[in-house]
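Trainee: Quick one, structure for this:
(one chain, ligands or ions: 1)
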Amino acid sequence: MNARSTPGTHEHFQTSIRESRTLKVTSILERPYVIEKFSPNGKTIYEGFCVDLLDKLAEMLHFDYQLKIVKDNKYGEQINGTDQWDGMIGEILRGDADMAVAPITVTATRLEVIDFTDPFLQLGISMLMRQPGHKSTSSLTRFLYPLSESVWIYSLIATVLTSLIVNLAAVFSQKESAAEFNVLNSVWYLVCISLRAGSGYNCQAGATRFISTVWFTFTLILIAQYTANFAALLTIDRKSMPFHSFEELGNQSDYNFGAILGGSTMQFFKYSRIETFSRLWERMQSASPSVFVKTNHEGVQKVLAEKYVFLMESATLDYQVTQNCNLTRVGNVVLGSNGYSIGLPKGSKWREKLTRQILDLNEKGIILMLKNNWWKKTQTECEEALPSDNQIALGMENVYGLFLLLALGIGIGFLISVLENAYFVMLSKKKVPKKTKLEISVICEDA
Ligand code: ASP
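Mentor: Numbering: from 1, shown residues only. Predicted structure coming up:
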C-alpha cells in the first residue's frame, strides 16, 4: 500500500481533495486555443493554447478537469427576449460546466450573468481580408507599369518640345546644319540618346550640345527610375488595400463583411451607438445570403473564397495571418481593447484564485511563452510587406523636378543659341567688310 492510499497521510488527503475538485470545463474548437486530435487508440485528445493554460492552472491550484466542447459550438448570446443564453455562457448558467476556458470575450451583458477572471489575452476588433492581388494581370502592357500614365505622356511631350528647340537652335546656329537637324531628325536624335544608341548625327554648336547634355541627363535619370521600378514590379504582385478603416469599409460595396454569429464582435456592432458601427451592423444584418459564420475557421475560409472581410479579434487574427500568406489585416486598425477571460458561475470561489494565478503567469512571462509556442509561423515566411503598385508606379510628383530641369535646360540652350547666333553675326560683320553695290553686281555677273 502506498502513501497515497493510506488514510490519514498528507498524500491521501491531497489526492482526495483533488478528486473532489474535478471541474467540468467547457470550451470551443478554435485554433490555436483548442484543437481536437485523436490518439492512436482512437481517444479524442485536445491541445492548444487554452489547454496548456488550463494544465498550468490545474497544476498550480491542484484540481483536475474534464474538458468538453460546447454542444452548440457557440460563444454565448442571450436568446431573443428571454433570460436564456446559448453557447458556453448558457452551459455555465445551466450548471453544465464549472468554467469556460476558451477565447471568450468579457462583455458587459455577459458580466451581468456570469463572472470572469482577469484577462489572459488582450485584443481588439480588426478586419481580416484576402491579400489583394494586382489590379491588372495583363502582361502585355506590364512594361508600362513602372511609370505612371502622366509621366509617359509628359515624356512624350518633352521629346517633341525638345526636338523643336534643337531644330530651332540648329536654324539659328551658324555651325549647325538646319537640314540635318530638322524636326523629324531631331526627334530621332533625341530618341537615340534616350536609348543610348547612335543616331549618326553629331551636333557642333554650343547650344545644341548643351540641350543634348540636358536631355542625356534627363533620360539617364528617368531610365534609371524605370529600371528600378520595373525590377520591383516583377517581384511584387500586390495591390493596395481597397479600404483602410471601418468607415471606408462601410462606404464600399465591393466586399461583404461579417462576424461570428452571436459572438462579442457581432454584439459590439449590434449595440454600438456610434454611427459608423451601427451602419456596418445594418449592412451585415440585411445582407443576403448571411454574412455571419459559426467559428473563426469558417470566417477565414470565407475570406479566402470570396470578397469577404471578416471582423474578428486581433489575437486570433494575428494567428491566422501567420498561418496563411494569402491573409492580411486591413491597416493597423484595432477597435477597442478587450480580453479573453475564464468564465465562471456567479460567485464562484475559483474566480479569485484563478485571477491570482493568471496574474502570476502573466508577470512571469509564462503566458507569453505559451502564446509564442502557438502563434509561431508554421509556414515558410511570407514575403516582406511590399509596397502597393500605385506606390510603385512613378507618379509625376516624383519626377516633377526632373521635368523642370529639362525645361530649364532647354530654355538655357535656346538662350545660348541666340547668343551664339548674335556672336557669329557680330564676328562676320567684323571680318567681312561691307561690299559696295558695284562690287556685288560684279560678283553676280561673274557668277
Ligand atoms: N471571442 C468572441 C466571443 O467571445 C467571438 C467573436 O465574436 O469574435 O464571443
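Trainee: mind listing what's buried in stretch 334-343?
Mentor: Within stretch 334-343, the residues scored as buried using 16 or more other Cβ atoms under 10 Å are 334, 335, 338, 339, 340, 341, 342, 343. In short, each C-beta sits where N, CA and C put it, glycine included.
Trainee: repeat for stretch 200-219
Mentor: 201, 203, 205-212, 214-215, 218-219.
Trainee: ok, so of these, who is nearest residue 67?
Mentor: residue 219 (70.1 Å; Cβ to Cβ).
Trainee: who in the stretch 1-150 of the chain is up against the ligand?
Mentor: Neighbours of the ligand within the stretch 1-150 of the chain, by Cβ under 6 Å from any ligand atom: 75, 103, 104, 105.
Trainee: Residue 279: neighbouring residues, count only.
Mentor: 17 (other Cβ atoms under 10 Å).
Trainee: ditto for residue 67
Mentor: The burial count for residue 67: 18, using other Cβ under 10 Å.
Trainee: that's a strand at it, yeah?
Mentor: Yes: according to DSSP: H, G, I helix; E, B strand; the rest coil, residue 67 belongs to a strand.
Trainee: which helices and strands does the strand or helix carrying residue 426 pack with?
Mentor: Here residue 426 sits within helix 396-431, counting by DSSP states H and E. Here helix 396-431 touches helix 149-172, helix 206-235, going by 3 or more Cβ pairs under 8 Å, 6 or more residues apart in numbering; DSSP states H and E.
Trainee: Could you list every helix and strand in contact with the next helix or strand after the shortest one?
Mentor: Along the chain past helix 149-172, the next helix or strand (assigned with DSSP H and E) turns out to be helix 183-194. Helices and strands touching helix 183-194, as assessed by 3+ Cβ pairs under 8 Å, 6+ apart, comprise helix 149-172, helix 206-235.
Trainee: Would you reformat those as TSV and include mean pLDDT?
Mentor: Below are the helices and strands packed on helix 183-194 laid out as TSV (pLDDT from 0 to 100):
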stretch	mean pLDDT
helix 149-172	90
helix 206-235	86
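Trainee: Turn the ones you listed into TSV, including distance to residue 325.
Mentor: Converted to TSV, those look like this (distance: least, Cβ to Cβ, whole Å):
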stretch	distance to residue 325
helix 149-172	31
helix 206-235	14
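Trainee: Could I get the CA-only coordinates of stretch 52-67 as CSV?
Mentor: The C-alpha trace of stretch 52-67 is given here as CSV (Å, rounded to 0.1, in the frame of the first residue of the first chain):
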residue,chain,number,x,y,z
ASP,A,52,-1.8,24.5,-22.0
LEU,A,53,-3.1,27.3,-19.8
LEU,A,54,-5.6,25.0,-18.2
ASP,A,55,-2.9,22.5,-17.4
LYS,A,56,-0.8,25.1,-15.8
LEU,A,57,-3.7,26.4,-13.7
ALA,A,58,-4.8,22.9,-12.7
GLU,A,59,-1.3,22.1,-11.6
MET,A,60,-0.9,25.3,-9.6
LEU,A,61,-4.4,25.1,-8.0
HIS,A,62,-4.5,21.3,-7.6
PHE,A,63,-7.6,20.5,-9.5
ASP,A,64,-8.4,18.0,-12.2
TYR,A,65,-10.6,18.8,-15.1
GLN,A,66,-12.8,17.2,-17.7
LEU,A,67,-12.8,19.2,-20.9
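Trainee: Next up, the contacts around the residue of the stretch 301-447 of the chain found nearest the ligand.
Mentor: Nearest residue of the stretch 301-447 of the chain to the ligand, counting by Cβ to the nearest ligand atom: residue 313, 4.8 Å away. By Cβ atoms under 8 Å, 6 or more residues apart in numbering, the residues touching residue 313 are 103, 105, 123, 124, 125, 126, 265, 338.
Trainee: Could I get the buried residue list for the longest strand seen in the chain?
Mentor: When the chain is parsed with DSSP state E, its longest strand is strand 121-130. Residues 121, 123, 125, 126, 127, 128, 129, 130 are the ones in strand 121-130 that count as buried (16+ other Cβ under 10 Å).
Trainee: Parallel or antiparallel, list what pairs with that strand.
Mentor: strand 308-313 (antiparallel), strand 327-329 (antiparallel), strand 335-340 (antiparallel) (DSSP bridges).
Trainee: Show me what whatever helix or strand comes next after the first one is packed against.
Mentor: Following strand 308-313 in sequence order, the next helix or strand is helix 314-323 (DSSP H and E). Under the contact criterion of 3+ Cβ pairs under 8 Å, 6+ apart, the helices and strands touching helix 314-323 comprise strand 121-130, helix 296-305, strand 327-329, helix 366-375.
Trainee: thinking again about what came up before, closest one to residue 29 out of the residues of the stretch 1-150 of the chain next to the ligand, please.
Mentor: Distances from residue 29 to those, taken by Cβ to Cβ, are shortest for residue 103, at 10.8 Å.
Trainee: Confirm for me that the closest one is in contact with residue 340.
Mentor: Yes: in terms of Cβ atoms under 8 Å, residue 103 counts as a neighbour of residue 340; the distance is 4.8 Å.
Trainee: Can you tell me the closest non-neighbouring residue to residue 63?
Mentor: Spatial nearest neighbour of residue 63, excluding adjacent residues (Cβ to Cβ, 6 or more residues apart in numbering): residue 21 at 3.9 Å.
Trainee: is it true that the one you found touches residue 64?
Mentor: Yes: under the criterion of Cβ under 8 Å, residue 21 makes contact with residue 64 at 6.4 Å.
Trainee: More neighbours: the two, which one.
Mentor: Ranked by neighbour count (other Cβ under 10 Å), residue 21 and residue 64 place residue 21 first, with 15 against 11.
Trainee: Just give me the neighbour total for residue 164.
Mentor: Quick note: residue 164 (other Cβ under 10 Å) scores 14 neighbours.
Trainee: My error: substitute residue 267 in the last question.
Mentor: Neighbour tally, residue 267, other Cβ under 10 Å: 22.
Trainee: now swap in residue 315 and tell me
Mentor: 22.
Trainee: do the same with residue 159
Mentor: 17.
Trainee: Can you tell me the closest non-neighbouring residue to it?
Mentor: residue 190 (5.6 Å).
Trainee: list the contacts for the residue nearest to residue 63?
Mentor: Residue 21 neighbours (Cβ under 8 Å, 6+ apart): 62, 63, 64.
Trainee: Over to the last one: give its phi and psi.
Mentor: Torsion angles at residue 64 (phi, psi; degrees, to the nearest 10) stand at phi -110, psi 160.
Trainee: quick one, what contacts whatever residue of the chain ends up closest to the ligand?
Mentor: Closest residue of the chain to the ligand, Cβ to the nearest ligand atom: residue 263 (2.2 Å). Counting by Cβ under 8 Å, 6+ apart, residue 263 touches 74, 75, 77, 105.
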